[in-house]
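In: Just the structure for this:
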Amino acid sequence: MKKAKIYKPSKTAMQSGIKKFDKWVIEFVAEKPGINPLMGWESSSDTYSELKLEFMTKEIAIDYAKKNKIDYELIEPNKRKINKKSYSDNFIK
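Out: Numbering: from 1, shown residues only. Okay, the predicted model is just below:
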């Protein structure tokens, strides 16, 4: 059976906005990754590991996994904590 993880990607440190990170992703986990003897890179004969599927909601992604008999692990996103700052706070302390 195929194994996958369902998650919502987080933004990188170089990005300030969160607009492009509203979709949920199913990413398949590679089974038995090995070392390529020619280049020394980690590789796998499992082509599902190269596949990423995007869904609008978490429920749709879970339904897709259940319909296709995919074992999945759901990774919930962390809550974003917003610290409100004011320019005048630089001079008060």
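
In: now the lowest-mean-pLDDT helix or strand in the chain: how far from the chain's centre is it?
Out: Among the secondary structure pieces of the chain, namely its helices and strands, strand 42-43 has the lowest mean (mean pLDDT, DSSP states H and E), a mean of 78. Per CA atoms, centre = their mean, to the nearest Å, the displacement of strand 42-43 from the mean C-alpha position of its chain is 20 Å.

In: Can you name the next helix or strand after it?
Out: Heading C-terminal from strand 42-43, the first helix or strand you meet, by DSSP states H and E, is strand 52-55.

In: List the pairing partners of that next one within its sheet, with orientation.
Out: strand 24-28 (antiparallel) (DSSP bridges).

In: tell me the mean pLDDT for the partner strand?
Out: Confidence for strand 24-28, expressed as mean pLDDT, is 93.

In: how about the strands of this structure, start to end?
Out: Under the criterion DSSP state E, strands of the chain are mapped to 3-7, 24-28, 34-35, 42-43, 52-55, 71-75.

In: can you put those in TSV and add distance to G17 and mean neighbour count?
Out: From N, CA and C alone the C-beta is placed, and that goes for glycine too. As requested, the strands of the chain are arranged in TSV below (distance: least, CB to CB, whole Å; neighbours: other CB atoms under 10 Å):
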stretch	distance to G17	mean neighbour count
strand 3-7	19	17
strand 24-28	18	19
strand 34-35	38	10
strand 42-43	32	12
strand 52-55	18	14
strand 71-75	22	13
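
In: I'd like these as JSON lines, with distance to I82 appended.
Out: As requested, the strands of the chain are arranged in JSON lines below (distance: least, CB to CB, whole Å):
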{"stretch": "strand 3-7", "distance to I82": "21"}
{"stretch": "strand 24-28", "distance to I82": "22"}
{"stretch": "strand 34-35", "distance to I82": "44"}
{"stretch": "strand 42-43", "distance to I82": "38"}
{"stretch": "strand 52-55", "distance to I82": "26"}
{"stretch": "strand 71-75", "distance to I82": "22"}
